[in-house]
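Participant: here is the input, now give the coordinates:
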Amino acid sequence: MLQELLDKIDKKEFTVGIIGLGYVGLPLMWTFHENDMPVIGFDIDKDKINCINEGRPYIKHLGKEMMQKLAKSDRVDATTDFKRLSEADALMMCVPTPLDEHREPDMQYVERTCFTVGENLRKGQLVILESTTYPGTTEELIIPILESKSGLTSGEDFYVAYSPEREDPGNPNFNTSKIPKVVGGHGEDAIKLACALYDTSIVQTVPVSNTKTAEAVKITENVFRAVNIALVNELKVVFQQMGIDVHEVLDAADTKPFGFMKFVPGPGLGGHCIPIDPFYLTWKAREYEQNTRFIELAGEINTSMPQYVVNQTLKALNAHKKPMNGSKVLVIGLAYKPDVDDMRESPTFKIMDLVDKYGAEVSYYDPHIPEVKPTREHDYWTGTKSVNWDEETISGFDAVIISTNHSDIDYQQLAEWSDCIIDSRHEMNGINRKSDIHIWQA
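Facilitator: Numbering: from 1, shown residues only. Alright, predicted model coming up:
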């Protein structure tokens with residue numbers, strides 16, 4: 001059976017099924033399509049399916065041209081009919097793995113998907129989880145569900161692997177095909193099959209000994225980033241009190257050709273990985289009576305940054321003899337990072353929540369997000385629309401907070417239109433200022 005499947009991959013007759021067509025699944029669909037593999041996309045969201053079949057973009061940075069090519073291709077299909085899962089040779093699960101209200105893993109999306117896959121599983125299929133999760137998920141959660149629902153046996157009747165996504169939305173230098181793929185399998189045959197599949201479309205596969213190791217790799221990558229971001233965030237607060245520009249410090253330190261890696265402070269963590277994934281390991285470590293003090297401390301520092309930004313806003317307004325209560329405050333940038341329309345886990349929401357709590361009238365401007373779409377945690381802001389970017393509108397705010405520094409925003413205009421700016425991204429450095437402007441570093 002294994003050799004037959006490897007032959008199908010070699011002939012590019014191996015159909016790839018992708019479950020979840022969001023920021024991970026859609027680029028993965030495009031990558032396999034670009035390398036002549038037949039692809040079926042599955043999603044419960046009918047709007048996404050219609051967009052794919054009609055060639056309409058729903059993730060801005062991926063562009064219209066890509067969507068139109070997918071719509072025209074006779075080797076791409078997108079559907080909400082999960083009974084068609086059996087038509088695919090591989091089933092890649094790209095579903096959310098958020099935290100619940102207790103900051104513990106919320107595996108409901110993975111579990112539901114596994115139940116659905118298990119009910120439609122047939123012999124010879126390869127099942128791969130791409131969602132970031134805690135070490136042990138594949139062996140302890142996924143395989144038992146698949147075997148129970150299908151009556152089949154992993155390693156004998158079907159194959160299971162884990163290969164964590166490494167997407168960086170909006171990064172012009174690295175798309176899905178250019179980022180090496182870590183692959184762990186439930187048995188050697190599963191690793192061999194999964195690597196052969198990714199080898200058709202990804203620049204490099206990096207096989208590891210098992211699924212648990214592959215799961216640990218992704219967690220480690222994100223823990224590394226979370227801890228180092230927390231470090232520079234803490235340094236920012238300390239150096240601010242000392243009258244030292246942390247960005248000047250980091251730029252100078254970055255000239256050292258060894259032993260230093262530059263991270264940049266900000267208003268908090270956002271995106272689908274760094275604010276969430278480290279806590280998956282924290283939760284799992286408790287099962288082994290282990291503490292993750294570094295991770296938890298980093299989490300405390302990073303989650304405190306929106307409050308720090310708001311505290312700086314209070315000081316800035318006070319310097320203008322204005323209270324927060326009743327003031328009009330504009331927050332620039334709803335997306336969690338520059339030049340994308342991805343607002344998942346964005347710290348801007350927390351800043352807006354806090355400013356609103358203090359009694360201010362809160363608005364936002366984001367050229368990439370004209371209206372707030374429904375989110376799991378911030379329904380209060382659903383339907384809120386971005387303000388216009390013009391002098392009359394911007395000058396009408398008592399304070400402007402730069403939360404996300406999109407490159408297509410004219411910060412020189414901002415300096416001319418506003419006299420109270422709280423800059424959490426060091427974006428106003430070098431901007432020509434009028435004499436009465438106050439720029440507060442946050």
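
Participant: show me where this protein has its strands.
Facilitator: 16-19, 39-42, 76-79, 90-93, 126-129, 159-162, 181-185, 205-207, 328-332, 361-365, 399-402, 420-423, 438-441 (DSSP state E).

Participant: against which helices or strands is the third one packed?
Facilitator: In other words, strand 76-79. Applying 3 or more C-beta pairs under 8 Å, 6 or more residues apart in numbering; DSSP states H and E, we find strand 76-79 packed against strand 39-42, helix 46-54. C-betas here are computed from N, CA, C, even on glycine.

Participant: can you say which of the ones you listed is packed in most?
Facilitator: Mean neighbour count, computed with mean count of other C-beta atoms under 10 Å, is highest for strand 39-42 among the helices and strands packed on strand 76-79, reaching a mean of 24.

Participant: pairing partners for it, with directions?
Facilitator: strand 16-19 (parallel), strand 76-79 (parallel) (DSSP bridges).

Participant: ranking the ones you listed by burial, who's on top?
Facilitator: Taking mean count of other C-beta under 10 Å, strand 16-19 is the most buried of these, at a mean of 26.

Participant: what's it in contact with?
Facilitator: Identification of contacts with strand 16-19 by C-beta atoms under 8 Å, 6 or more residues apart in numbering yields 25, 28-29, 32, 37-43, 85, 87-95, 113, 117, 197.

Participant: ok, stretch 139-155 next?
Facilitator: Contacts of stretch 139-155 (C-beta under 8 Å, 6+ apart): 107, 110-111, 114-115, 117-119, 121, 123, 127, 129, 157-158, 160, 186-187, 189-190, 211-212.

Participant: follow-up on the earlier one: make JSON lines from the strands paired with strand 39-42 and add distance to Val400 and mean pLDDT to it.
Facilitator: Converted to JSON lines, these look like this (distance: least, C-beta to C-beta, whole Å; pLDDT from 0 to 100):
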{"stretch": "strand 16-19", "distance to Val400": "41", "mean pLDDT": "98"}
{"stretch": "strand 76-79", "distance to Val400": "41", "mean pLDDT": "96"}
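
Participant: wait, which of the helices and strands packed on strand 76-79 is closest to Val76?
Facilitator: When these are compared for distance to Val76 using C-beta to C-beta, the nearest one is strand 39-42, at 5.2 Å.

Participant: could you give me the average pLDDT of that closest one?
Facilitator: For strand 39-42, mean pLDDT is 97.

Participant: separation between Lys218 and Tyr280?
Facilitator: 10 Å (C-beta to C-beta, to the nearest Å).

Participant: same check, this time on Glu140
Facilitator: 13 Å.

Participant: and what of Val246?
Facilitator: Applying C-beta to C-beta to Val246 and Tyr280 gives a distance of 30 Å.

Participant: confidence score at the residue most central in space within the chain?
Facilitator: Centroid-nearest residue in the chain, with C-alpha atoms, centre = their mean: His272, separated by 3.0 Å. Here, the pLDDT recorded for His272 equals 73.
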